[in-house]
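> Turn this into a structure:
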Amino acid sequence: MKPTNSPRFAQRRKQESESAAAQNLAEAPIQLHSSRRRQLNVRPNRRLWLENFLAYSAGECHLSQNTVAAYRRDLERFYVWLGDQDLFTLKISDFSSYVGWLHDQDLAPASMARHIVSLRIFYKYLQLEGLVHDSQVELLGSQKLWERVPKFLTPKQVELLLAAPNPDVDRNWLRDRAILETLYATGCRVSEIASMRLADVHLEEHFCKCTGKGSKQRIVPLGEKAVNALIMYLEEEYPILAERAQRHGEEPVFLFMSCHGRFLDRHRIWELIKRYAVRAGIRTDISPHTMRHSFATHLLMNGADLRQVQEMLGHANIMTTQIYTHVDTKRLKAIHKKFHPRS
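Numbering: from 1, shown residues only. Okay, the predicted model is just below:
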């Protein structure tokens, strides 16, 4: 037997040790420093980054379903414009071209402003992920929202619209009339009406609780006509819809339900309003938000305080509410005539 301290034996032991170390290194998971790992990451396709951003907005930021859906719509349009351009290397000149492209789509100033906000938030997310280091989208100017005067109905047009549901042709005319009355009485957003629960309505006290953006809640009064419309609906149609909901294994918690007893989404409410607007012979570009604009405008026309209207609309900033002060020209002319020395 050869001695273990021979040169040949020592050389063989060294070779075996190096071979074992190489094998262990090959089998061990590679762990890199976070900054190094970020540099070595292979960028997924840009469509995946959009989906990641939307998942981040919903899961990490806890944004509402409607907000995430709005981000998706805006950014899908941005991707149409983007074409084959590199998402991560756009300059301010490119973003300016995108704004010009939005102009060509005949979007309202408010819609364009929202598109730009969505783009800024998306690029902030890309910065957090280390994919964009200098986001020049922040240099973009936004459309001034006050340039768009809100469209509203006259009191006479509102009366025609509220009287449009007909028991002879409309299956759920009491529900539809209650929806229209509640929209006009409260100035609620259509999403707030759709998600309003039966427990949120207090008819004896003439008020309802609205849950708005950011899950903020507010109390809004209900007028006598809205209360009467809701009572008729709850006494005659609601029990039938609630029974259908239970038949499908659902608990009837929402104030307004579909004819099958299911959740009545905001798109369905929008369709109802369009149909009744056509029947009433008033404007065809009406939407649920037109009722909200009409609510605020009519309150200010009749002397309501701007702060009170802000509270009922659920606006965080009174500057948002001030847009309605531009529409009441008749009142402004009367004030000018009364107080100006040379009127």
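
> CA only for contacts and neighbour counts going forward, please
OK.

> Pull the contacting residues for the spatially closest residue to residue 65 that is not a sequence neighbour.
Leaving aside its sequence neighbours, residue 65 sits nearest to residue 58 (C-alpha to C-alpha, 6 or more residues apart in numbering; 7.3 Å). Residue 58 is in contact with 64, 65, 68, counting by C-alpha atoms under 8 Å, 6 or more residues apart in numbering.

> Buried residues, the helix or strand that contains residue 58. List them.
Using DSSP states H and E, residue 58 maps to helix 46-59. For helix 46-59, burial by neighbour count (16 or more other C-alpha atoms under 10 Å) applies to 49, 50, 53, 54, 57, 58.

> For the residue most central in space within the chain, give its distance to residue 137.
What sits nearest the mean C-alpha location of the chain, by C-alpha atoms, centre = their mean, is residue 67, with 3.2 Å. Taking C-alpha to C-alpha, to the nearest Å as the measure, residue 67 falls 20 Å from residue 137.

> what does residue 267 give?
32 Å.

> Of those two, which one has the most company?
Set side by side, residue 267 and residue 137 show more neighbours around residue 137, with 22 against 12, by other C-alpha atoms under 10 Å.

> Surely that one is in contact with residue 95?
Yes - if you go by C-alpha atoms under 8 Å, residue 137 and residue 95 touch, sitting 6.4 Å apart.

> And the pLDDT at residue 290?
According to the prediction, residue 290 has pLDDT 88.

> Tell me which helix or strand it sits in.
Using DSSP H and E, residue 290 sits within helix 288-301.

> what's the answer for residue 72, then?
helix 65-82.

> the inter-axis angle of that helix versus helix 46-59?
Angle of helix 65-82 versus helix 46-59, following axes from the mean of the first three to the mean of the last three C-alpha atoms, to 10 degrees, is 160 degrees.

> Pull out the buried residues from helix 65-82.
67, 68, 71, 72, 74, 75, 78, 82.

> could you give the angle of the next helix or strand after it to helix 65-82?
Next helix or strand after helix 65-82 toward the C-terminus (DSSP H and E): helix 92-104. Orientation check (the same axes, to 10 degrees): helix 92-104 against helix 65-82 gives 110 degrees.

> How about residues contacting helix 92-104?
So helix 92-104 is contacted by 78, 81, 112, 136, 137, 139, 140 (C-alpha under 8 Å, 6+ apart).

> how deep is the fourth one tucked in, by neighbour count?
The one in question is residue 136. 17.

> Now do the same contact list for it.
90, 91, 92.

> thought residue 258 was touching residue 241?
Yes - the criterion here is C-alpha under 8 Å, and residue 258 meets it with residue 241 at 7.4 Å.

> okay, the two: which has more neighbours?
residue 241 (21 against 17).

> Can you classify the more buried one as helix, strand or coil?
Using DSSP: H, G, I helix; E, B strand; the rest coil, the structure places residue 241 in helix.

> Could you report the pLDDT at it?
Per-residue pLDDT puts residue 241 at 95.

> distance of the nearest residue to it once chain neighbours are set aside from residue 175?
Spatially, and ignoring its direct neighbours in sequence, residue 241 is nearest to residue 261 (4.6 Å; C-alpha to C-alpha, 6+ apart). Residue 261 sits at a distance of 12 Å from residue 175 (criterion: C-alpha to C-alpha).

> swap in residue 122?
40 Å.

> same thing with residue 139?
Look at residue 139 and residue 175: by C-alpha to C-alpha, they are 48 Å apart.

> which of the two has more neighbours?
It is residue 175, of residue 139 and residue 175, that has more neighbours when counted by other C-alpha under 10 Å, with 25 against 12.

> Am I right that the more buried one is in contact with residue 237?
Yes - counting by C-alpha under 8 Å, residue 237 is a contact partner of residue 175 at 7.0 Å.
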